[in-house]
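Q: no sequence for this one, just the structure:
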C-alpha cells in the first residue's frame, strides 16, 4: 500500500491501565457531572466513562489533524444528509482496544458495563441504508488512514421515534440529545452564514466585466459540532462535523418589548427548524421548501468550511482538486455544484472556465437509486425565490452543457430535452441528478447491477455523452461493527478457528471454507447462532410477552418500509403459510418466526397500511392455538442500529426480496450473510454479487429478473393474471379483502388488494409463487442440519469482499486519488 499518508502516532500519552482509567472516570463523574458515586445512575456512569475514553481519542485526533496539513495530504470530504452512527461507546472502546481495560476499571465500582452501554441513546442522524453506509464509510476511512471529514446536519430530533398503537405507526420526536452527547465537541467559533432569498445585483468590475452580488433577504448561522471517528486499533481519527442551525438574531427585542412574545421568536423558530428533523414531510409547499433549505444549508456550510481551510493552508483555490475530494452521497447535496461555482466565481473572482474545471475536478457523485422520486427535482419558482443566484448559475451551466451536446450530437434534438438540467414538462423543475452528473468528474453506482442499469436507464444519454464517467463501487459494511461488536460469540469462534488475523483482514475469512465440512465446527457455529436467537427471543418476550422458539427458523426482514422492498410479499406468504398449517396439520412443518422491523415515511400512507396489515396478521396468527407455535409473526417497533445489532446475529434467513432492478445495492444483505444467515432474495442489487461469492447452493433466489420486470411493465402486466394462476395467493387475498384479519374494519385493505389485482407495479403477484416455492426449499434445507449449517458457514467464509474497507480502498484509488494504509 502507498505510505504517503500521515504516519501513525506514537503510543498514547494517557495511561491505559484499569486503575488509571478508573480514577479518570471518577474524576469525570465528580467534576464534569457533579455527581457522587453513591448517587450516580447508569446514565451518569456512561457519560463519565465516555468522557474518560474520549480523552484517549482527543490526543490522537489533534495530532493527526496537524500532521495532515503538515504533510499536505489530500483530504476527502463526504457530504451526506444522513449519518446513522448508532451508539458510539462500544465502537470507540473496541477500536481503541480498551474493552477489557474499561470492564476492569468499572468492576470495583460496581458498574455493569452492559447496562452502561444500554444507557447510551442511538444517535438519531439517519433513517436507513444510506445513513448506515455513510457511517460505515467514515469508520473505514479512519481505519485506512484516509484523512477525511464527514459533513451533515445535527438533527435535534432525527427522523422520528416510531410507536405502534393498535397496529398503526405513530411518529414522535426522538429525544437523543436530552442528556447531551458526550462524544461531540461544540464549536461555536466555527459558524458560517447561510443565505436564502433576496436579490442578485450586477456590479461593474472593470472594463466589460460585471460581478454578481447576491444579497440574501435572510441569513442563518450554521454552527459546527465535531465528533471524532476512530479507526480500527486507533491508528487514525477523522472528524464528523455536523451543522446546527441558529438564528443570526435569536430574539427580536423590539417585538418582545411590545408584548409580541411569540412573534419575537418567529425568526429564530424558522431558522432552527432547518436542523430539527430529518426528512420533514414534503406533502406541502412549506415542507418542500424546508427540505431544500436543509440541503443547501449543510452543503453551503461544508463548502465554506473546506474552502476556508484550504485557503488558510494552501492559499490558492486553483489547487483544490489536488488537495480536496468532495463525495456527494446521493442527490441531496447536488446543489454543491452551483454553490462551489458561486464561491469560486462570485467570492473569489475565478474566471468561469477555471472555476468549472476546479468544480468538476473536486466533486464526485454517488447515485443510490433508480426511483424517479428519489432523483430529486425542485420547482424552478421555488429555486428562483429561495436561491436566486444559484438558479442563474444553473441556467448558465445548462447553456454551456447543452452547447456541448449540440456540438457533439448535431441534429439529435431529443438529447437536448433529455440532458437538460431543466425539465420543461408538467411545470419547470431543476433536475438535481442531472446537475450532479454534469458537475462531477466521476459518477458511481453501488452494485454491479445498479451501475449497469444507470447506464441503460436514468443516465443512458449521459453515458453516451461521457462514457468514462460512470463507474461501479459496490457497497460494503464495516466488519468491526457488524461482526466483532454485534456478534462477539461468532467472532471468538472465528479467531479460535482461523487465528487473530481475521480481526484485521477480512480476507482471512476464506480460511473457514474447509471447516464447512467439519461437523464439530458446524455444531459450534450453530450453538453460537442459537445463543443469539435466545437473546433476541428474550428481548421479544420482555417487550411483547410473546414466546419464540429458538429452534424455529428466524426469518427476518428489517429495512425501511417501502412498496419496492416488498414487505407485503412477505406478509402474504405468512397468510398462505398460516392457512396451510391449519388445513394440513399432519404435514411435517418447519417452525418459523417471521420478524419484521422498519419505519415508513410519515407521509407514505400505503407503507403505513402495510405495517398495519403485518400487525393484523400477527394478532390472528399468534393467538390461534391450532397453529401450535409452528408460525409466529413479530413486528419490532422503532428500528434502529442498536436493534439491528440484536437481530442480525440471530437471523437464519435474510429477506432481500425487492422488485428486481429497484434496489441499488442493499447492505443489510451483507450484514446477514456475514453472520451466517442464508439469503432469500431476488436478483437485485448486491444480491447478485452475494450469489457469485457464496455460490448458488448457499442462497435462495427467486422471481423475475430486472429485464423481465421491465418487459412485464411494457406489456401492461396486471396482477389478476398471476392471481388467477395461483390458488394459494387468490385465497389469501380474498381473506384479506374480506376483512378476516381486520374484522373491526372489513374494508381496510380493499384498495391495497385492488392495487395488486390491477397494475401491481412492484410485481408482488408475479413473483409470489416462486417466492413461496423458495421458502419451502429453505424449509427442506433447514431440516437437513448438516446442509443448512454448511451453507451458513460458507456464507460467512465467502463474504469478506463486502467489507467497506474494500469499497473505500476502491474509491480512494479510482475516484479520490488518495493513498491508503492498512
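A: Sure thing, it's come through. Here the structure is a predicted model, which means the values were calculated and not measured.

Q: And for the closest residue to residue 130 other than its chain neighbours, the neighbour number?
A: Spatial nearest neighbour of residue 130, excluding adjacent residues (C-beta to C-beta, 6 or more residues apart in numbering): residue 82 at 5.3 Å. C-beta: built from backbone N, CA, C; applies to glycine. The local packing of residue 82 (other C-beta atoms under 10 Å) involves 26 other residues.

Q: How about the secondary structure of residue 82?
A: With DSSP: H, G, I helix; E, B strand; the rest coil as the basis, residue 82 sits in coil.

Q: show me the contacts for it.
A: 125, 126, 127, 130, 131, 134, 152, 278, 329 (C-beta atoms under 8 Å, 6 or more residues apart in numbering).

Q: Looking at those, which is nearest residue 465?
A: Closest approach between these and residue 465, by C-beta to C-beta: residue 329, at 23.6 Å.

Q: Please report how far residue 74 lies from residue 815.
A: In this structure, residue 74 and residue 815 are 12 Å apart, going by C-beta to C-beta, to the nearest Å.

Q: before we move on, the earlier item: check pLDDT for the contacts of residue 82 and point me to the minimum.
A: Ranked by pLDDT, those bottom out at residue 127 (88).

Q: Flag the helix or strand of this protein with the lowest per-element mean pLDDT.
A: One helix or strand of the chain scores below all others by mean pLDDT, DSSP states H and E: helix 253-257, with a mean of 83.

Q: Following the chain onward from that one, which element is next?
A: helix 266-272 (DSSP states H and E).

Q: What are the buried residues along the next helix or strand after that next one?
A: Using DSSP H and E, the helix or strand that directly follows helix 266-272 along the chain is helix 285-314. Neighbour-count burial for helix 285-314, counted by 16 or more other C-beta atoms under 10 Å, picks out 288-307, 309-310, 314.

Q: For helix 285-314, what is the distance to the chain centroid?
A: 20 Å (C-alpha atoms, centre = their mean, to the nearest Å).

Q: And for stretch 118-133?
A: Distance, stretch centre to chain centre, for stretch 118-133: 8 Å (C-alpha atoms, centre = their mean).

Q: That stretch: end-to-end distance?
A: 23 Å (C-alpha to C-alpha, to the nearest Å).

Q: and what of stretch 575-592?
A: 13 Å.

Q: and it, how far out from the chain's middle?
A: Distance of stretch 575-592 from the chain centroid (C-alpha atoms, centre = their mean) equals 37 Å.

Q: what does it contact?
A: 549, 551-553, 555, 617, 620-621, 624, 626-627, 629-632, 728-729, 731-732, 735-736, 741, 772, 775, 779, 782-783.

Q: picking up where we left off before, looking at the contacts of residue 82, point me to the pair that's furthest apart.
A: Checking these with C-beta to C-beta, the most distant pair is 278 and 329, at 13.9 Å.

Q: Mind listing the shared neighbours of the two?
A: Joint contacts of residue 278 and residue 329 (C-beta under 8 Å, 6+ apart) are 81, 82.

Q: Now for the closest residue in space to residue 423 that isn't next to it in sequence: which residues touch it?
A: Sequence neighbours aside, residue 429 is the residue nearest to residue 423 in space, at 4.6 Å (criterion: C-beta to C-beta, 6+ apart). Residue 429 makes contact with 377, 378, 379, 380, 422, 423, according to C-beta under 8 Å, 6+ apart.

Q: What about those residues, which are in helices?
A: Counting by DSSP state H, the part of the contacts of residue 429 found in helices is residue 380.

Q: nearest to residue 42, of the contacts of residue 429?
A: Taking these together and measuring to residue 42 by C-beta to C-beta, the closest member is residue 378, at 45.8 Å.

Q: What's the local residue count around that closest one?
A: Residue 378, neighbours per other C-beta under 10 Å, totals 21.

Q: same deal with the one 3 residues further on?
A: If you count neighbours by other C-beta under 10 Å, residue 381 ends up with 12.

Q: One more: residue 739?
A: Neighbourhood size, residue 739 [other C-beta under 10 Å]: 16.

Q: From what I see, it and residue 747 are in contact.
A: Yes - the pair residue 739 / residue 747 is scored as a contact, 6.9 Å apart, by C-beta atoms under 8 Å.

Q: in the stretch 551-700 of the chain, which spans are helices?
A: For the stretch 551-700 of the chain, applying DSSP state H, counting those that start in this stretch gives helices covering 567-583, 605-622, 641-647, 668-674, 687-694.

Q: between these, which gets nearest to residue 117?
A: helix 641-647 (9.1 Å).

Q: Contact partners for residue 80?
A: Taking C-beta under 8 Å, 6+ apart, we find residue 80 in contact with 130, 131, 134, 150, 151, 152, 329, 330, 332, 333.

Q: just those residues now: which is nearest residue 360?
A: Residue 360 has its nearest neighbour among the contacts of residue 80 in residue 333, at 15.4 Å by C-beta to C-beta.

Q: returning to what we had before: would you list the contacts of residue 82 in TSV and tack on distance to residue 186?
A: Formatted as TSV, the contacts of residue 82 follow (distance: C-beta to C-beta, whole Å):
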residue	distance to residue 186
125	16
126	21
127	25
130	26
131	22
134	22
152	16
278	20
329	24
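
Q: Dig out what the residue nearest to residue 423 forms beta bridges with.
A: Beta-bridge pairing for residue 429 (DSSP bridges): residue 379, residue 423.
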